[in-house]
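Q: model this:
(2 chains)
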Amino acid sequence: MPPPGIGLSDLTVIQLGQGIPSAYCAKLLADLGATVLYVEPPNGDPLRRTNHALFGYLNTNKQSVTLDITKPKSGSLLLKLLRRADVFITEHQSREARRLQLHYTALHKANPRLIVTSITPFGQRGPHANWKANDFIATHIGGVAYGNAPWVADLENHPSLTAPAQIASFYAGLTAATAAIAATFARRQNGYGQQVDISMQEAVASNMRHDVATALWTGQTPVRQIGYVAPTTINTQQPTADGFIAFMLRTERNWAPLMELLGNPEWSKAPLFQNPRELSTHWDGLKDLLGQETRKWPTQKLYESAQAKGVSAAPIATVADASKNTQFLGRNFFVESPSGLRQPGAPVKFGEPLWRIGPAPALGAHTQAALGLSKREHAQLRREGIV
Amino acid sequence: MSRLPLAGLRVLDFTWVIAGPYGTFHLAQLGAEVIKVEGIERFDQNRDHIPFAGRVPGLNRSGQFHYMNAGKQGVSLDITNAQDRETVLRLASVCDVVTENFSVGVLDRYGLGYPAIRKTRPDVVMISCSGFGQTGPMSGYSAYMNTIQGFTGMVDQNGTPGAAPNPLAVNWADYVAGTAMAFAIMAALHHRERTGKGQYIDLSMAENLMAMMGVPFMEYFASGRVPERMSNRSTSALQGVYKCSGDDRWLAIAVTNDGEWRALCKAMGNPAWAADPRFARMGSRLQAQDAIDAHIAKWTADKDAWDATRLLQAAGVPAGPTATAGDLAKDPHLRARGFLTSVETPDMGSRDYMGLPYVLSQPRGVRGPAPALGEHNRQVLGGLLGCPQAYVESRSQAAKQRMETFFQGKSH
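A: Residues are numbered from 1 along each chain as shown, chains lettered A, B, ... in the order given. This next block holds a predicted model:
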């Protein structure tokens, strides 16, 4: 592992949560230099077996400590780790945390400087705190699925779609890492850690600022539609000769240049379409007229021409396309781990060398050292199935 | 009362629209002094965005604007004006952080890019947020959320197996970039705390989004295949969305193990169909999902989505309505947690706001409201920088006039 360039290298993080939210949260911290100990059950995170590549991506730069936290004897070993940790990442809901003696009061007593970052579907407090949700349920009840209407004519018979790529789980992880770092600033001021309470529902509902503001400030609830249409903004996907293209049109600035690019078709000269702030009211008819024009173009030619005119446009690319995109390749976004696993790289480019690529740990590779066990103690605990 | 985590830090904030302002919203709500600098001609265009409070347009009445600019200070300066540029550099010299998400190269063109900022403040943390990054052939592309989502493969992953990719009108790219911006700034400040060194951060919204698309990218890199679109389904859990009573009301249910399957059957009154041996184990249930979905849909058809949610959650089954913005606005849980909270405003009465998506030990709430254009000119330009009164007044007057006259003769 290359030497960390300072960054978060003064922080020790214990990751107990096993889901993507915890894993991505801890990865973000580990990749910036934090020492992250991932506490896994003795037979390992199931992801090691079911999706080795994803496991490798989510666990870069971490250390692996095995511990069966369902065994009573594990309690003191976990506490040993937590006493010298800065951040603890857990997914236990409040009821479960109390049962395992891992609730905040107990942890604070053991280490007042510990930042306990809990990532749960609905947070630690509130009437729904003990409700259950996975990525899919959190996406729906967080409000971001509703607007993801399927592209069908009889929308009333089709449900909205959850978000792709389990993005809600990654987002909860990013949110948690942000909150955990914020808590280190608080600790620098007052010397104390705190409980950081992340709700997946809130993390995704944060993207609903526009629609929730509309509901709360005007009483209106948006109805399901394909695309997003407002007087100043039209967001649409249109067919091309060989695929699909997305446009984000700032109507006052982009409509006229786009029409010009498309050769100012006859229909675009109708008086109805001359005030750009009124295009949205005619969108139902207008969108198909636009599609008839875009269909005549190959995707790449159309988006490059549109971009050249300052109109925001993009192909609907696959992850395979993205992995070969010269922009992303030129910036060395995709990287290879020491074991040769190709993967997405730094989420942002730091000017200082904070970020690093590193390997995912072998199961239990750091158990003995992290728990300070002699060879004999380690062997004994292994026989008992505790580590 | 303890100080807020970022108390004592000052941010010069050039950001506009969503990604940047949402990033500095985190900093402002965490206690940093965020000074939002806007041009009088080219102010943050979200000021002119629905919804307007009570549907009355005004440049400080947009809910969209307030929901990501609450708690900031507003300063109006025009970077096309040489005198104002000098003021900007003086302001930068007393700021810890500078943020911007203009088109690539705009600040450099005006002599306000990182080299100039660093000269006046050597340990500054400066972040530029753009669609595709500050370098490369696409750095000049104009980029909004759906174009960024298009390039990354995210839209391609959205939709129903066998059908065309489904347009993804939901904005992920901006909000995840805003959150990453706050994360990166705090990480860089942490680094500065330890080394005394500032730095420049180049945030590509597309790259940040792809870092969060580990599931499809790693499947592609491992197998060479682009993963299939999954609709609402999963390969490991029984997941479906079912129509409920009422207009366009839907209920999402997930069964992730056998215990939850038994709980679901019991909650539905252990119907005879559920005893079908094909439904006994997860593997065979997933094979028979179409048949199961038809049965569950019959059960939900006459039920209220929230009543059914409460019934299933009480039984231990992960479930929730496909929440609309109206559902979120009324969600008692979000209100009880203080995620939604009201703030007194000077000219719109008491208004409900959405706070940060995490609870720290600081009292939860929203520091707000958002500033009017140039509202804090006197405090910042006059008080903090000691600019001459006539100069400050001329900027304030221009901002005030712009606020008052912008909507005259416009339709909404």
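
Q: lowest-pLDDT helix or strand in chain B?
A: Across the helices and strands of chain B, the lowest-confidence element by mean pLDDT, DSSP states H and E is helix B:145-152, at a mean of 90.

Q: Counting by contacts, list what it packs against.
A: When contacts are defined as 3 or more CB pairs under 8 Å, 6 or more residues apart in numbering or on different chains; DSSP states H and E, helix B:145-152 packs onto strand A:233-239, strand A:244-250, strand A:312-315, helix A:319-324, helix B:173-195, helix B:205-211. Bear in mind the C-beta positions are built from the backbone N, C-alpha and C, glycine included.

Q: which residues touch it?
A: Helix B:145-152 is contacted by residues A:235, A:237, A:245-248, A:312-317, A:319, A:322, A:325, B:18, B:131-132, B:141, B:155, B:167-169, B:171-174, B:205-206, B:209-210, B:213 when judged by CB atoms under 8 Å, 6 or more residues apart in numbering or on different chains.

Q: would you say B:Thr87 is within a helix?
A: Yes. Counting by DSSP: H, G, I helix; E, B strand; the rest coil, B:Thr87 is located in a helix.

Q: distance of the nearest residue to it once chain neighbours are set aside from chain A?
A: Counting by CB to CB, 6 or more residues apart in numbering or on different chains, the nearest residue to B:Thr87 once its immediate chain neighbours are dropped is B:Leu77, at 5.8 Å. Taking CB to the nearest CB, to the nearest Å as the measure, B:Leu77 falls 23 Å from chain A.

Q: was I right about A:His378 contacting A:Val387?
A: Yes. If you go by CB atoms under 8 Å, A:His378 and A:Val387 touch, sitting 6.8 Å apart.

Q: neighbours around residue 275, how many?
A: Went with chain A since none was named. By the measure other CB atoms under 10 Å in any protein chain shown, the count of residues near A:Asn275 is 14.

Q: The intended chain is chain B.
A: 10.

Q: And for B:Arg109?
A: Applying other CB under 10 Å, we find 12 residues neighbouring B:Arg109.

Q: got a list of what it touches?
A: Counted by CB under 8 Å, 6+ apart, B:Arg109 has zero contacts.

Q: quick one: it and A:Gly193, what's the gap?
A: B:Arg109 sits 45 Å away from A:Gly193, going by CB to CB, to the nearest Å.

Q: same deal with B:Asp248?
A: From B:Asp248 across to A:Gly193, the span is 45 Å (CB to CB).

Q: more neighbours, these two?
A: Applying other CB under 10 Å to B:Asp248 and A:Gly193 shows that A:Gly193 carries more neighbours, namely 25 against 16.

Q: Give the residue spans of the chain that score low on pLDDT.
A: You didn't pick a chain, so chain A it is. For chain A, the stretches with pLDDT under 70 are A:1-4, A:226-227.

Q: other chain: chain B
A: Along chain B, the model assigns pLDDT under 70 to residues B:1-2, B:411-412.

Q: can you map out the strands along it?
A: Ranges of strands within chain B are B:10-13, B:33-38, B:73-76, B:97-100, B:125-130, B:199-204, B:238-243, B:250-255, B:319-321, B:340-345, B:349-354, B:358-359, based on DSSP state E.

Q: hang on, the earlier thing: please name whichever of the helices and strands packed on helix B:145-152 is nearest to B:Glu86.
A: helix B:173-195 (25.4 Å; CB to CB).

Q: roughly how far out does that closest one sit from the chain middle?
A: 15 Å (CA atoms, centre = their mean, to the nearest Å).

Q: Stretch A:294-311: which residues count as buried?
A: A:294, A:297, A:299, A:302-303, A:306-307, A:311 (16 or more other CB atoms under 10 Å in any protein chain shown).

Q: Return the distance of it from the chain's centre.
A: Worked out by CA atoms, centre = their mean, stretch A:294-311 lies 30 Å from the chain centre.

Q: Equivalent analysis for stretch B:103-114, please.
A: From the chain centre to the centre of stretch B:103-114 is a distance of 25 Å (CA atoms, centre = their mean).

Q: Same check on stretch A:58-78?
A: Centroid separation for stretch A:58-78 versus its chain: 24 Å, with CA atoms, centre = their mean.

Q: Likewise for stretch B:209-226?
A: On the basis of CA atoms, centre = their mean, stretch B:209-226 sits 24 Å off its chain's mean C-alpha point.

Q: end to end, how far does that stretch reach?
A: End-to-end span of stretch B:209-226 (CA to CA, to the nearest Å): 17 Å.

Q: and what of stretch A:151-164?
A: Stretch A:151-164: ends 15 Å apart by CA to CA.

Q: Could you do stretch B:312-330 as well?
A: 20 Å.

Q: touching chain A at all, that stretch?
A: Yes. Stretch B:312-330 comes into contact with chain A (CB under 8 Å from any CB of the partner chain), by way of B:313, B:316-329.

Q: Residue 160: how many residues sit nearby?
A: The chain I'm using is chain A. 24.

Q: um, chain B though
A: Neighbours of B:Thr160 under the rule other CB under 10 Å: 19.

Q: hang on, it packs against B:Glu228?
A: No. Here B:Thr160 does not reach B:Glu228: they are 9.8 Å apart, not a contact under CB under 8 Å.

Q: wait, isn't B:Gly20 in contact with B:Val98?
A: No. Using CB under 8 Å, B:Gly20 is not in contact with B:Val98; the gap is 11.4 Å.

Q: who touches both of these two?
A: Listed as contacting both B:Gly20 and B:Val98 by CB under 8 Å, 6+ apart are B:13-14.

Q: Name the helix or strand for the closest residue in space to B:Val359 that isn't next to it in sequence, please.
A: Nearest residue to B:Val359, sequence neighbours excluded (CB to CB, 6+ apart): A:Asp197, at 3.9 Å. Per DSSP states H and E, A:Asp197 falls inside strand A:195-199.

Q: Could you list which residues are in contact with the residue of the stretch 51-200 of chain A found nearest chain B?
A: Of all residues in the stretch 51-200 of chain A, A:Ile141 sits closest to chain B, with a separation of 3.1 Å (CB to the nearest CB). Taking CB under 8 Å, 6+ apart, we find A:Ile141 in contact with A:133, A:201, B:252, B:309, B:320-321, B:323.

Q: one more time with 7 Å, if that's ok
A: For A:Ile141, the contact set (CB atoms under 7 Å, 6 or more residues apart in numbering or on different chains) comprises A:133, A:201, B:320-321, B:323.

Q: ok, it to B:Val125 distance?
A: Distance, A:Ile141 to B:Val125, by CB to CB: 36 Å.

Q: now swap in B:Leu12 and tell me
A: Distance of B:Leu12 to B:Val125, computed by CB to CB: 11 Å.

Q: Name the nearest residue to B:Met181, ignoring sequence neighbours.
A: Take B:Met181 and drop its neighbours on the chain: the residue closest to it by CB to CB, 6+ apart is B:Gly23, 3.1 Å away.

Q: How many residues are close by that neighbour?
A: When counting by other CB under 10 Å, one arrives at 30 neighbours for B:Gly23.

Q: wait, it sits on B:Asp174?
A: No. Between B:Gly23 and B:Asp174 there is no contact under CB atoms under 7 Å: 9.6 Å.

Q: follow-up on the earlier one: how close does the residue nearest to B:Met181 get to A:Ala203?
A: Per CB to CB, B:Gly23 is found 15 Å from A:Ala203.

Q: re earlier: so which of the contacts of A:Ile141 wins on neighbours?
A: When neighbours are counted by other CB under 10 Å, A:Gln201 leads the contacts of A:Ile141 with 34 neighbours.

Q: now the angle from the helix or strand hosting A:Leu258 to strand A:233-239?
A: Using DSSP H and E, A:Leu258 falls within helix A:251-261. For helix A:251-261 against strand A:233-239, the angle by axes from the mean of the first three to the mean of the last three CA atoms, to 10 degrees is 30 degrees.
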